[in-house]
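Participant: Give the three-dimensional model of this entry:
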Amino acid sequence: MTPQAPSAAPLRADCIADSAGGLTFDVAARGESATAHLVLRRRDADDEVGLPLAPAAEGRLRAALPSSVLLPEGRWDAYARVSDGEPLRLVPGVTDLRSLTERTPSGLLGHVAVRIPYATRQGNLTVRSWLRAPHAEAGEPRLAEEGLTLRGRVYGTRLDAGAHAELRPRPGSGARGVLRAALEGEGAEFRLAVDYTALEPGVWDLWLRPAGPEGPAVRVARLLDDIADKQPVVTYPTARVRTPGGLVAAGPYFTRDNDLSLEVTALPD
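Facilitator: Modelled structure (predicted):
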């Protein structure tokens, strides 16, 4: 039996994020090639973005994804295409995302664009992209026995006199009706408070209406850091609360999109 040739080592891409929200990819070169591109493909869509890979150092090719190139929101799988060959899936190498934790967008463009490269469960390189216009960035929730308070900031809009927060029931979760939460704020800064005793069991999504009931609704999320998927790594304790409908456990959590929600579960008396 003829032994099989060993498979080629996967192509690795080092990623560096800049404070403006751009990304730089450095890929190891394999021989001479006329053209090479880094290709980003959005999952569950036909969107594709090609970035030229140019020589940057000996044995290295570099592609830049500037903040001015807007990626629609979603997960973008990364590939390298050399000449006319088939695109090869990239795996992450060294990743430097330190600048993302200190980033404070101006909001002057009316939107917030966030890109965070990460390793998938299969070990491949993917970029999680958010494009929110406007955006409500959540700070760290302060938990109390019967509720929580949350400070945050809006980008691409300001708080008007009629601004308020809403708790919207997740369809199919058992919760019903849209509830208002107490909101204070001025300019771009806000502080909201949620009373757990007013919530029935189910999942409640947190929204802001900065311009009042007739204005656009803005989902509350935490995007301005270096964590692509907060759900498994950022968790909060629940509180046991007596409501008119009975005893419940209530607490905040982040969804797979890093949006902020509340889960309320009925408990036996």
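Participant: The closest residue in space to Thr157 that isn't next to it in sequence and Thr95: what is the separation?
Facilitator: In space, and not counting its chain neighbours, Thr157 is closest to Pro134: 4.0 Å by CB to CB, 6 or more residues apart in numbering. To be clear about C-beta, it is placed using only N, CA and C from the backbone, and glycine gets the same treatment. In this structure, Pro134 lies at 29 Å from Thr95, with CB to CB, to the nearest Å as the measure.
Participant: now Gly185
Facilitator: 35 Å.
Participant: Then Arg176?
Facilitator: Counting by CB to CB, the gap from Arg176 to Thr95 is 43 Å.
Participant: With neighbour numbers in mind, choose between the two.
Facilitator: Thr95 (18 against 9; other CB atoms under 10 Å).
Participant: Strands of the stretch 1-150 of the chain, start to end?
Facilitator: Listed in chain order, the strands of the stretch 1-150 of the chain (DSSP state E, counting those that start in this stretch) span residues 11-17, 23-28, 36-42, 48-52, 54-57, 60-65, 74-82, 88-96, 112-119, 125-132, 135-138, 142-144, 147-155.
Participant: I'd like those laid out as TSV, including distance to Leu208 and mean pLDDT.
Facilitator: Conversion of the strands of the stretch 1-150 of the chain to TSV gives the following (distance: least, CB to CB, whole Å; pLDDT from 0 to 100):
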stretch	distance to Leu208	mean pLDDT
strand 11-17	27	94
strand 23-28	29	94
strand 36-42	27	95
strand 48-52	31	95
strand 54-57	43	87
strand 60-65	29	94
strand 74-82	23	94
strand 88-96	32	95
strand 112-119	14	95
strand 125-132	12	96
strand 135-138	5	96
strand 142-144	18	94
strand 147-155	7	96
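Participant: just these: most buried one?
Facilitator: Looking across those with neighbours counted as mean count of other CB atoms under 10 Å, the highest average goes to strand 135-138: a mean of 25.
Participant: bridging residues for Arg89?
Facilitator: Tyr79 (DSSP bridges).
Participant: correction: Gly50
Facilitator: Under DSSP bridges, the beta-bridge partners of Gly50 are Val39.
Participant: try the one 4 residues further on
Facilitator: Note on Ala54: beta-bridge partners by DSSP bridges are Arg62.
Participant: OK, contacts around it?
Facilitator: Contacts of Ala54 were listed using CB atoms under 8 Å, 6 or more residues apart in numbering, and they are 61-63.
Participant: Rebuild these as a markdown table, extending it with distance to Gly123.
Facilitator: As requested, the contacts of Ala54 are exported to a markdown table (distance: CB to CB, whole Å):
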| residue | distance to Gly123 |
| --- | --- |
| Leu61 | 21 |
| Arg62 | 22 |
| Ala63 | 20 |
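Participant: Would you agree Ile190 is in contact with Thr149?
Facilitator: Actually, residue 190 is Phe. It isn't Ile. No - under the criterion of CB atoms under 8 Å, Phe190 makes no contact with Thr149, lying 10.9 Å away.
Participant: Specify which member of the contacts of Ala54 is nearest to Leu70.
Facilitator: Ala63 (16.6 Å; CB to CB).
Participant: Who are the contact partners of the closest one?
Facilitator: The neighbourhood of Ala63, defined by CB under 8 Å, 6+ apart, consists of 24-25, 27, 37-38, 51-54.
Participant: circling back: would JSON lines of the strands of the stretch 1-150 of the chain with distance to Leu206 be doable?
Facilitator: Conversion of the strands of the stretch 1-150 of the chain to JSON lines gives the following (distance: least, CB to CB, whole Å):
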{"stretch": "strand 11-17", "distance to Leu206": "27"}
{"stretch": "strand 23-28", "distance to Leu206": "29"}
{"stretch": "strand 36-42", "distance to Leu206": "26"}
{"stretch": "strand 48-52", "distance to Leu206": "31"}
{"stretch": "strand 54-57", "distance to Leu206": "43"}
{"stretch": "strand 60-65", "distance to Leu206": "30"}
{"stretch": "strand 74-82", "distance to Leu206": "22"}
{"stretch": "strand 88-96", "distance to Leu206": "30"}
{"stretch": "strand 112-119", "distance to Leu206": "17"}
{"stretch": "strand 125-132", "distance to Leu206": "14"}
{"stretch": "strand 135-138", "distance to Leu206": "8"}
{"stretch": "strand 142-144", "distance to Leu206": "14"}
{"stretch": "strand 147-155", "distance to Leu206": "8"}
